[in-house]
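Colleague: what would the 3D arrangement of this be:
(one chain, ligands or ions: 1)
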Amino acid sequence: MSDRSTLPPTAYSFDRVFSCDCGTRQVYEEGAKEVALSVVSGINASIFAYGQTSSGKTYTMTGITGLAATDIYGYIERHKEREFVLKFSAMEIYNESVRDLLSTDNTPLRLLDDPDRTTIVEKLTEETIRNWEHVMELLSICEEQRQIGETSLNKTSSRSHQIIRLVYPHLIRSVRVNSSPDWMSASTLAASVHFVDLAGSERASQAMSAGARLKEGCHINRSLLTLGTVIRKLSKGRTGHIPYRDSKLTRILQPSLGGNARTAIICTMSPARSHIEQSRNTLLFATCAKEVVTSAQVNVVMSDKALVKHLQRELARLEGELRRPRAVSMNNYAEEMLREKDGRIQQMENDIREVTRQRDLARSQLEDLLLRTVGDDQESSHQDGIFRGSTSDLPSACGDDLSVDNSSEILHSGFLETISPQDYPTEDANYSKNRQRSSEISSGYYPASPQSSAGGVSSEGGAPTRGGGEFLSLDARPEMDDLCKEVQCIEVEEVSTIRNERSSGLLTSENGHGDWNAEGRASSSSMSRRLSRSRSCRAALMASSPCPWFPEEEQVEYTPPGKGQRELCDGRSIKDAGVDPMMSPAGWPEEFERRRLEIIALWHSCNVSLVHRTFFFLLCKGDPADSIYMELELRRLSFLKRALAGGHANNISATQTLRRERGMLCRQMQRKLTAAEREWLYRRWGIPLQTKQRKLQLAHLVWTAAGSVYHAGESAAVVARLVGEPDDTTKRCSS
Ligand SMILES: Nc1ncnc2c1ncn2[C@@H]1O[C@H](COP(=O)(O)OP(=O)(O)OP(=O)(O)O)[C@@H](O)[C@H]1O
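Modeller: Residues are numbered from 1 along each chain as shown. As a prediction, the model looks like this:
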């Protein structure tokens with residue numbers, strides 16, 4: 001008794017079952033066409049015929065191959081937009097040798113493995129199809145070339161496995177590949193369809209083979225046995241080793257059996273009762289084959305050029321994606337930076353415009369002021385017969401009407417006369433007197449310190465001469481000019497002209513204290529304005545200082561801005577001239593002190609020229625009109641400070657200039673001061689007389705305290721003494 005579980009099933013189910021009288025076309029249409037035409041979509045296809053000898057495999061496959069080829073070619077004809085190449089090749093596996101059916105050369109072909117795990121039949125002929133007739137011609141060639149032999153069952157029994165392959169690479173434009181978001185402008189699909197007519201699967205005994213036929217049968221059965229094993233294993237789920245390589249048939253058909261292909265297996269059977277065993281085997285084979293699952297997919301093949309193009313596009317896309325988030329943030333950052341820069345540039349432009357406007361305004365006011373004061377002075381000199389008077393003459397001869405030139409000169413002569421060797425601190429009486437005097441004079445400017453009064457102005461001191469009051473020697477001038485470059489110059493041609501005019505009697509002073517008028521206003525447009533002169537205007541240019549080197553009369557007397565006195569030299573009101581109209585007269589002294597301290601601190605931090613500091617300091621003494629110049633200076637220095645902080649200005653250069661300037665001061669001490677004067681200065685500045693580098697020390701002491709008005713005044717006095725001369729002072733004090 002046999003075990004029921006080992007018995008073959010009595011019923012089988014398949015996709016299609018065709019009867020004996022069913023035509024090949026129907027088999028093709030219902031069982032093979034769809035699979036065969038997969039190739040035009042880029043999917044590999046395989047159609048097998050399996051069955052015992054003489055069951056009609058060759059008959060069926062010949063028909064199906066022809067019909068499929070016709071349909072494929074027809075499809076190509078209907079789709080002219082596709083560039084295609086249809087290639088035809090055919091081989092047979094006879095006695096485990098692969099032979100090219102399109103070649104007369106019977107040399108067995110080698111099988112090679114390629115990296116895609118497919119098997120390549122080396123040197124297999126591939127015919128490019130020209131037309132449908134060409135396909136038919138090639139099919140007939142294959143039929144003729146195939147090994148056939150007579151068996152007991154089939155006079156023309158196929159003794160080999162025939163594989164006809166149609167390779168269908170074709171170019172398709174605008175297809176979407178692998179659900180990629182990018183449409184490829186062109187892609188090449190490459191697929192092939194195999195038409196496999198297997199040799200008969202009968203047993204040798206049944207075929208009653210002998211001799212050569214028996215040998216053939218052994219090989220045939222070996223291949224079919226391997227095929228059956230592969231199919232059976234694949235039907236169980238691809239676990240374990242699949243023995244594709246055990247036969248050439250399974251090696252070549254590997255992609256069609258369980259890989260990337262749609263496969264149709266047509267099993268043929270003989271209705272004869274005598275073949276029931278073979279029929280059952282065929283049914284079992286078919287049942288297993290039905291369980292095999294393949295993984296067919298569209299095969300996209302690109303040319304190197306297309307591939308490079310595609311990869312470049314893909315690379316650009318990925319780079320773009322990578323860059324996009326950063327680009328967005330970078331763009332935001334860059335935009336923010338640009339906005340900030342634009343804002344700064346705008347601010348700087350506004351500052352420059354404002355500073356330029358105020359500079360021009362101040363310059364014109366100063367020029368007017370100079371015209372008036374110079375004229376005043378010259379007129380006074382003419383009237384009193386004093387062109388460059390001594391300090392002793394000043395109170396009586398000039399009174400309030402000191403000109404800039406004379407005041408500057410007096411500044412120097414006052415120093416030399418006042419700080420004459422006999423007046424030096426060795427003269428204790430004068431020293432004490434001067435201390436007292438200086439304290440009085442320096443009200444509002446200097447702290448009452450012993451030093452501030454040391455060597456004070458000897459306004460009561462007789463009639464000193466101008467001994468030693470020489471100006472810079474010629475060889476020192478270029479150096480000075482160089483160092484004073486940044487001090488803006490007032491062009492004094494006009495002043496000279498006026499001097500000439502005045503000397504010819506065009507301008508006269510009405511009195512020593514009151515207003516000036518221009519008698520020649522009709523002949524001189526520049527002088528046509530009635531120039532009102534106030535003590536405040538004069539003070540703006542007076543080199544007055546609490547320093548003891550300057551006479552008492554030179555000290556600026558603070559004039560609170562008020563009605564009638566808030567008028568500038570050119571007759572404009574302070575408001576018109578840019579002075580803060582909101583500034584109350586009462587608040588100006590405090591504001592003046594605040595601004596002056598601020599300016600001194602900025603000079604220090606910006607390494608501003610000592611000469612510039614000196615003249616500015618000496619010029620701005622608290623007159624309300626000074627607010628213009630001080631505001632201008634503040635803006636200029638603030639701008640410079642920002643530029644230095646931002647690296648837009650050369651601080652090193654400024655430092656070097658400052659160092660050279662101090663060197664110049666050191667040399668000027670030797671040139672312009674007597675030994676006694678120098679000694680007095682050393683004592684005053686606390687420099688031991690035994691020190692070797694006394695002059696250098698002093699030069700490096702001036703203008704070094706950023707927060708002391710007193711120190712600034714002392715420094716200004718020293719520098720003015722060393723570098724100043726009337727004309728230079730006038731020229732360089734535009735700011
Ligand atoms: N459906 C059919 N209609 C008419 N004749 C058929 C049909 N199928 C097969 N034949 C005929 O049967 C004979 C054997 O067929 P075929 O050669 O195709 O068998 P086979 O399975 O290929 O045999 P083998 O394995 O020995 O090559 C042939 O003469 C063929 O013309």
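
Colleague: now the strands for the stretch 251-400 of the chain?
Modeller: 262-268, 300-301 (DSSP state E, counting those that start in this stretch).

Colleague: could you do the stretch 101-250 of the chain as well?
Modeller: Going by DSSP E, counting those that start in this stretch, the stretch 101-250 of the chain shows strands at 111-113, 119-121, 127-128, 148-149, 157-158, 161-176, 183-197.

Colleague: quick revisit: as JSON lines, the strands of the stretch 251-400 of the chain with distance to the ligand and mean neighbour count would be great.
Modeller: All C-beta atoms are positioned from the backbone trio N, CA, C, and that covers glycine. JSON lines is the format used below for the strands of the stretch 251-400 of the chain (distance: least, Cβ to the nearest ligand atom, whole Å; neighbours: other Cβ atoms under 10 Å):
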{"stretch": "strand 262-268", "distance to the ligand": "6", "mean neighbour count": "24"}
{"stretch": "strand 300-301", "distance to the ligand": "34", "mean neighbour count": "16"}
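
Colleague: in terms of mean pLDDT, which of the ones you listed ranks lowest?
Modeller: Mean pLDDT is lowest for strand 300-301 among the strands of the stretch 251-400 of the chain, at a mean of 63.

Colleague: re earlier: mean pLDDT for the strands of the stretch 101-250 of the chain: which is lowest?
Modeller: strand 148-149 has the lowest average pLDDT among the strands of the stretch 101-250 of the chain, namely a mean of 63.

Colleague: going along the chain, name the helices of the stretch 601-735 of the chain.
Modeller: Taking DSSP state H, counting those that start in this stretch as the test, the helices found in the stretch 601-735 of the chain are 610-619, 626-645, 651-672, 675-684, 694-701, 709-723, 726-732.

Colleague: buried deepest among these, which one?
Modeller: helix 610-619 (a mean of 26; mean count of other Cβ atoms under 10 Å).

Colleague: in the stretch 501-650 of the chain, which residue sits closest to the ligand?
Modeller: Per Cβ to the nearest ligand atom, residue 647 is where the stretch 501-650 of the chain lies closest to the ligand, at 94.5 Å.

Colleague: for beta bridges, what are the partners of residue 91?
Modeller: Beta-bridge partners of residue 91, counted by DSSP bridges, are residue 100, residue 163.

Colleague: residues contacting it?
Modeller: Counting by Cβ atoms under 8 Å, 6 or more residues apart in numbering, residue 91 makes contact with 98, 99, 100, 101, 109, 121, 124, 162, 163, 165, 252.

Colleague: for the last one, give its distance to residue 266.
Modeller: I take that to be residue 252. Distance of residue 252 to residue 266, computed by Cβ to Cβ, to the nearest Å: 19 Å.

Colleague: thinking again about what came up before, could you dump the strands of the stretch 251-400 of the chain into JSON lines and include distance to residue 47?
Modeller: Converted to JSON lines, these look like this (distance: least, Cβ to Cβ, whole Å):
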{"stretch": "strand 262-268", "distance to residue 47": "5"}
{"stretch": "strand 300-301", "distance to residue 47": "22"}
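
Colleague: let me see the domain layout of this protein.
Modeller: 24-174+184-302, 589-723 (the TED database).

Colleague: among these, which is nearest residue 344?
Modeller: Proximity to residue 344 (Cβ to Cβ) singles out domain 589-723 among the domains of the chain, at 8.3 Å.

Colleague: average model confidence for that closest one?
Modeller: 88.

Colleague: where are the low-confidence patches of the stretch 151-300 of the chain?
Modeller: For the stretch 151-300 of the chain, the stretches with pLDDT under 70 are 151-157, 169-189, 201-221, 238, 295-300.

Colleague: all the helices of it, in order from the start?
Modeller: Under DSSP H, counting those that start in this stretch, the stretch 151-300 of the chain gives helices at 204-207, 212-235, 248-252, 254-258, 276-291.

Colleague: hmm, who's touching the fourth one?
Modeller: Residues external to helix 254-258 that are found in contact with it (Cβ under 8 Å, 6+ apart): 44-46, 48, 117-119, 194, 196, 227, 230-231, 234, 238, 242, 244, 250, 261, 263, 292-294.

Colleague: my guess is residue 89 meets residue 128, correct?
Modeller: No: between residue 89 and residue 128 no contact is recorded; they are 10.4 Å apart, counting by Cβ atoms under 8 Å.

Colleague: comparing those two, which residue is more hemmed in?
Modeller: residue 89 (20 against 10; other Cβ atoms under 10 Å).

Colleague: so the more buried one sits in a helix?
Modeller: No: per DSSP: H, G, I helix; E, B strand; the rest coil, residue 89 lies outside any helix segment and is strand.

Colleague: which strands or helices does the helix or strand hosting residue 26 pack on?
Modeller: Using DSSP states H and E, the element containing residue 26 is helix 24-27. Judged by 3 or more Cβ pairs under 8 Å, 6 or more residues apart in numbering; DSSP states H and E, helix 24-27 is in contact with helix 57-78.

Colleague: ok, 10 Å please
Modeller: helix 57-78, strand 262-268 (3 or more Cβ pairs under 10 Å, 6 or more residues apart in numbering; DSSP states H and E).

Colleague: now the angle from the shortest one to helix 276-291?
Modeller: Direction vectors for strand 262-268 and helix 276-291, defined by axes from the mean of the first three to the mean of the last three Cα atoms, to 10 degrees, enclose an angle of 170 degrees.

Colleague: ok, strand 262-268: who's next to it in the sheet?
Modeller: strand 45-51 (parallel).

Colleague: what inclination does the partner strand have with respect to helix 57-78?
Modeller: Using the same axes, to 10 degrees: strand 45-51 against helix 57-78 is 160 degrees.

Colleague: for strand 45-51, the averaged confidence score.
Modeller: 90.

Colleague: quick revisit: what mean pLDDT does the helix holding residue 26 have?
Modeller: Helix 24-27 comes out at a mean pLDDT of 93.

Colleague: what packs against the helix or strand following it?
Modeller: For helix 24-27, the following helix or strand on the C-terminal side (DSSP H and E) is helix 33-36. For helix 33-36, the elements it packs on are strand 45-51, helix 57-78, strand 183-197, strand 262-268, judged by 3+ Cβ pairs under 10 Å, 6+ apart.

Colleague: repeat that with 6 Å
Modeller: Using 3 or more Cβ pairs under 6 Å, 6 or more residues apart in numbering; DSSP states H and E, no helix or strand is in contact with helix 33-36.

Colleague: residues in contact with that helix?
Modeller: 45, 68, 193, 262, 264 (Cβ atoms under 6 Å, 6 or more residues apart in numbering).

Colleague: now do the contacts for the last one.
Modeller: Going back to what we said before, that points to residue 264. So residue 264 contacts 31, 32, 35, 47 (Cβ under 6 Å, 6+ apart).

Colleague: what of the fourth one?
Modeller: If you count contacts by Cβ under 6 Å, 6+ apart, residue 262 has them with 35, 38, 43, 45, 296.

Colleague: just give me the closest of those to the ligand.
Modeller: Looking across these and measuring by Cβ to the nearest ligand atom, the closest to the ligand is residue 35, at 20.0 Å.

Colleague: residues near that closest one, how many?
Modeller: With other Cβ under 10 Å as criterion, residue 35 counts 21.

Colleague: chain neighbours aside, what residue packs nearest to it?
Modeller: residue 264 (4.3 Å; Cβ to Cβ, 6 or more residues apart in numbering).

Colleague: again, but for residue 651
Modeller: The nearest residue in space to residue 651 (Cβ to Cβ, 6+ apart) is residue 644, at 5.0 Å.
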